[in-house]
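Colleague: Kindly generate the corresponding structure for this input.
(one chain, ligands or ions: 2)
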Amino acid sequence: MAKTPMRVAVTGAAGQIGYSLLFRIANGDMLGKDQPVILQLLEIPDEKAQKALKGVMMEIDDCAFPLLAGMTAHADPMTAFKDADVALLVGARPRGPGMERKDLLEANAQIFTVQGKALDAVASRNVKVLVVGNPANTNAYIAMKSAPSLPAKNFTAMLRLDHNRALSQIAAKVGKPVASIEKLCVWGNHSPTMYADYRFATIDGKSVKETINDAVWNSDTFLPTVGKRGAAIIEARGLSSAASAANAAIDHVRDWVLGTNGKWTTMGIPSDGSYGIPEGTMFGFPVTTENGEYKIVQGLEIDAFSQERINITLKELTEEREGVKHLLP
Ligand SMILES: NC(=O)c1ccc[n+]([C@@H]2O[C@H](COP(=O)([O-])OP(=O)(O)OC[C@H]3O[C@@H](n4cnc5c(N)ncnc54)[C@H](O)[C@@H]3O)[C@@H](O)[C@H]2O)c1
Ligand SMILES: O=C(O)C[C@H](O)C(=O)O
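Modeller: Ligands and ions are numbered 1, 2, ... in the order given. Alright, predicted model coming up:
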């Protein structure tokens, strides 16, 4: 028997990421090839944006996706999020050349307060929320705090692009396919302070750290390359990453819903106090997922270098949070 369609709300649906994301969701890449979906697409109440959204929807129609069980356009989060099973909060102002992510904080905080309240009011009680719009961790924190009747664990931030970037850099360094790498993780904020940690990673079962055996490459090449990749793409394209961000969003939600079969991945999630990260902080952790739930990988040793990196990214997140405190309920 055919499965009941899942309702997927996507904000910023007429934007760059939306254009790479929606077609893949409708194609079954995110929730499975046997899972029908209904797309509930939100754009700002602006004639140009709504018209662009209609154009994207015409193209989606023209793909005749067998799994697409419905699609609606919205200008109000209260209708867009109605009964949503998954909400991808992409819509936000992106960073332009020379802008720091912190510059975006205040403008985008407003958006996520309103959207958190709307999710609280109308979404499924089990809604899985992924925040992509930057600054993603703090926006996710704001949405979570603005939705007190939903479980905090339903709110997550996207660190998966950093994780995938790190995988690619390591694969290139050791000359092996990305698929052979396991147990990689990224700690902290989706920002240049993130800490991509390959100390526990294996490649075809062998230690990545021992294979690379180069602490200077780690601190002077690998971490800055992954951390500044977003800026490098903006510099090269004149626009922020879009297809890779959409791909990471698909990976994040697919793993959350369908499980990782014991393998590690990275998700930005509200801390439960693990590894000394204050409870509630929206932080990148190594996780495994099963039956629609994520679990932090426990018991990892944090050496002095790692602790220093974790402290830096935590400090940045704490400052971002302080910066939006006045906007929270
Ligand atoms: N977390 C990550 O790894 C990651 C990676 C890449 C980009 N991003 C971020 O994703 C966001 C979107 O990027 P993009 O390239 O698609 O930008 P974009 O400007 O192309 O599209 C954003 C869309 O969001 C819409 N929008 C703005 N406010 C909205 C609101 N309140 N409700 C609904 N829609 C709204 C805009 O009208 C626009 O169409 C940016 O904040 C960007 O920095 C995050
Ligand atoms: O860096 C940005 O502003 C865009 C995005 O967060 C990225 O990492 O590519």
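
Colleague: Pull the residues that contact the strand or helix carrying Glu106.
Modeller: Secondary-structure element containing Glu106, defined by DSSP states H and E: helix 105-122. Identification of contacts with helix 105-122 by Cβ atoms under 8 Å, 6 or more residues apart in numbering yields 11, 77-84, 87, 89, 91-93, 127, 129, 131, 133-135, 138-140, 142-150, 320, 323-324, 327-329. From N, CA and C alone the C-beta is placed, and that goes for glycine too.

Colleague: what packs against the very next helix or strand once past that helix?
Modeller: Counting by DSSP H and E, the element after helix 105-122 in chain order, helix or strand, is strand 128-131. Packing contacts for strand 128-131, counted by 3 or more Cβ pairs under 8 Å, 6 or more residues apart in numbering; DSSP states H and E, involve strand 86-89, helix 136-145, strand 155-157, helix 243-258.

Colleague: Can you pull out the residues in contact with strand 128-131?
Modeller: Strand 128-131 has contacts (Cβ under 8 Å, 6+ apart) with 85-89, 112, 119, 137, 139-140, 143-144, 154-158, 249, 252-253, 256-257, 268, 292.

Colleague: quick one: Tyr19 from Leu167, how far?
Modeller: As for Tyr19, its distance to Leu167 is 24 Å (criterion: Cβ to Cβ, to the nearest Å).

Colleague: To clarify, my last question referred to Ala232.
Modeller: Where Leu167 is concerned, Ala232 sits at a distance of 17 Å (Cβ to Cβ).

Colleague: These two - which one has more neighbours?
Modeller: In terms of neighbours (other Cβ atoms under 10 Å), Leu167 is the more surrounded of Ala232 and Leu167; the figures are 21 against 11.

Colleague: what are the ranges of the helices in this protein?
Modeller: According to DSSP state H, the chain carries its helices in the segments 16-26, 47-63, 77-80, 105-122, 136-145, 160-174, 208-212, 215-217, 223-227, 229-237, 243-258, 304-323.

Colleague: Can you get me a residue count around the residue nearest to Pro224 when sequence neighbours are not counted?
Modeller: Taking Cβ to Cβ, 6 or more residues apart in numbering as the measure, Pro224 lies nearest to Pro192, with 7.8 Å between them; neighbours along the chain are not counted. Each residue near Pro192 was counted by other Cβ under 10 Å, and the total is 19.

Colleague: which residues does Pro192 contact?
Modeller: Taking Cβ under 8 Å, 6+ apart, we find Pro192 in contact with 224, 227-228, 230-231.

Colleague: gap between it and ligand 1?
Modeller: In this structure, Pro192 lies at 12 Å from ligand 1, with Cβ to the nearest ligand atom, to the nearest Å as the measure.

Colleague: For the closest residue to ligand 2 within the chain, give me its contacts.
Modeller: Taking Cβ to the nearest ligand atom as the measure, the chain has Gly230 as its residue closest to ligand 2, at 2.3 Å. Contacts here follow Cβ under 8 Å, 6+ apart; on that basis Gly230 touches 95, 161, 192, 240-241.

Colleague: Most neighbours among the contacts of Pro192, which one?
Modeller: Gly230 (23 neighbours).

Colleague: Check what pLDDT it gets.
Modeller: Note on Gly230: pLDDT of 96.

Colleague: State the distance from it to Lys183.
Modeller: Computed as Cβ to Cβ, the Gly230 to Lys183 distance reads 24 Å.

Colleague: Enumerate the residues of the stretch 201-329 of the chain near ligand 1.
Modeller: With Cβ under 6 Å from any ligand atom as the criterion, the stretch 201-329 of the chain meets ligand 1 at residues 240-242, 245.

Colleague: Output the residues you listed in JSON lines; the columns should cover pLDDT.
Modeller: What follows is those, written out as JSON lines (pLDDT from 0 to 100):
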{"residue": "Ser240", "pLDDT": "92"}
{"residue": "Ser241", "pLDDT": "96"}
{"residue": "Ala242", "pLDDT": "97"}
{"residue": "Ala245", "pLDDT": "98"}
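
Colleague: Give me the below-cutoff pLDDT ranges for the chain.
Modeller: Within the chain, the ranges that satisfy pLDDT under 70 run 94, 96, 100-102.

Colleague: residue in it nearest to ligand 1?
Modeller: Taking Cβ to the nearest ligand atom as the measure, the point where the chain comes nearest ligand 1 is Gly15, at 2.0 Å.

Colleague: what's the closest non-adjacent residue to Ala49?
Modeller: The spatial neighbour of Ala49 that comes closest, neighbours along the chain excluded (Cβ to Cβ, 6+ apart), is Glu43 at 4.4 Å.

Colleague: Dead centre of this structure: give me the residue that sits there.
Modeller: Of all residues in the chain, the one closest to the mean position by Cα atoms, centre = their mean is Met158, 1.7 Å from it.

Colleague: ok, so what distance separates that residue from Val216?
Modeller: Where Val216 is concerned, Met158 sits at a distance of 30 Å (Cβ to Cβ).
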